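J.: Quick one, structure for this:
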Amino acid sequence: MLDDFLVRAALAGVGLSLATGPLGAFVVWRRMAYFGDATAHAAILGVALALATGLPIVAGTLVVAAAMAVTVAGLAARGWAMDTTLGVLAHSALAFGLVAVSYFPSVRTDLSSYLFGDILAVTRGDLGLIWGGAVAVAVLLLWRWQALLTSTLNEDLAHASGLNPDRERLVLVLAMALTVAVSLKVVGALLIAAMLIIPAAAARGLARSPEGMALGATLIGALATLAGLRLSLWQDTPAGPSIIVAAAACFVVAAVLGRVRRA
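T.: Residues are numbered from 1 along each chain as shown. Now for the predicted structure:
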């Protein structure tokens, strides 16, 4: 029989994959990898805000991550050079967050759990929050799927179809902010972008349709979670980074299989 904390950890990771799979597909299609980094790094500043105001950690993280996401989306719509702007915002938010958290001595020793996650410490309450947030993101993306896909493929076509690409971009960034907020305890602020990108990138070489890629990314994310937890238990390695290592291994396997199939 598995220990109770391992079951909760596995359920948390699988639940998170419901959000990171389809959302990660859009991140890859839209080349928003650095955008995800900026939103995730802002989560540490959200932790400091929550500690300063007495808010729950998830609430503080969600507020700051959403503010960062909306700010970046607004700058992108105005034609700012996104690579430089995202670099400034991402690293500044992380640095401000780390400095702000240092004013709370009780958190200093536990800062690694916010940076790299602590999936093995997930409680039943955390599990409900993770699954609730992940299901909300998945339902939102399913509801706006066709509009998001059209806006991603061709903004001119989206305008001709009566869609507003800026609104669809806002849907994506808010979904990303919610995903970052609920995933902070699972893989941490520094690794959530990897959980968004790597499974989706692995699924891209094997999928034959956008829906297939989103489903494949979800399955690969769930598989990476289970394999990473097994690796952590076997080798006594950090659970969050072990999950990303397993996801990277899935990417390599998928890349090889994709080349063989094309050949």
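
J.: and the residue lying closest to A67 once chain neighbours are set aside, how many neighbours?
T.: Among residues not flanking A67 along the chain, A42 sits closest, at 7.5 Å (C-beta to C-beta, 6 or more residues apart in numbering). Heads up, the C-betas are built off the backbone N, CA and C, glycines and all. For A42, the tally of surrounding residues (other C-beta atoms under 10 Å) stands at 29.

J.: these two touch, right, A66 and T179?
T.: No - using C-beta atoms under 8 Å, A66 is not in contact with T179; the gap is 11.1 Å.

J.: Those two: who's more crowded?
T.: Taking neighbours as other C-beta under 10 Å, A66 and T179 compare with T179 leading, 28 against 20.

J.: re earlier: wouldn't the residue nearest to A67 be in contact with A66 here?
T.: No - using C-beta under 8 Å, A42 makes no contact with A66, being 9.1 Å away.

J.: just the helices in this protein please.
T.: Here the chain has its helices, by DSSP state H, at 4-29, 33-53, 57-77, 82-101, 105-108, 111-116, 124-143, 145-153, 155-160, 165-183, 192-204, 210-235, 239-262.

J.: Can I get the last one in CSV, CA atoms only?
T.: I take that to be helix 239-262. Extracted in CSV, the C-alpha atoms of helix 239-262 (Å, rounded to 0.1, in the frame of the first residue of the first chain):
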residue,chain,number,x,y,z
ALA,A,239,10.2,15.7,-5.7
GLY,A,240,9.5,18.9,-7.7
PRO,A,241,12.7,18.8,-9.7
SER,A,242,12.4,15.1,-10.1
ILE,A,243,9.0,15.6,-11.8
ILE,A,244,10.6,18.0,-14.3
VAL,A,245,13.5,15.5,-14.9
ALA,A,246,10.9,12.9,-15.7
ALA,A,247,9.1,15.3,-18.1
ALA,A,248,12.4,16.0,-19.8
ALA,A,249,12.9,12.3,-20.3
CYS,A,250,9.4,12.0,-21.8
PHE,A,251,10.4,14.8,-24.2
VAL,A,252,13.5,13.0,-25.3
VAL,A,253,11.5,9.8,-25.9
ALA,A,254,8.8,11.7,-27.8
ALA,A,255,11.4,13.4,-29.9
VAL,A,256,13.0,10.1,-30.9
LEU,A,257,9.6,8.5,-31.6
GLY,A,258,8.6,11.5,-33.7
ARG,A,259,11.7,11.2,-35.8
VAL,A,260,11.2,7.5,-36.3
ARG,A,261,7.6,8.0,-37.4
ARG,A,262,8.6,10.7,-39.8
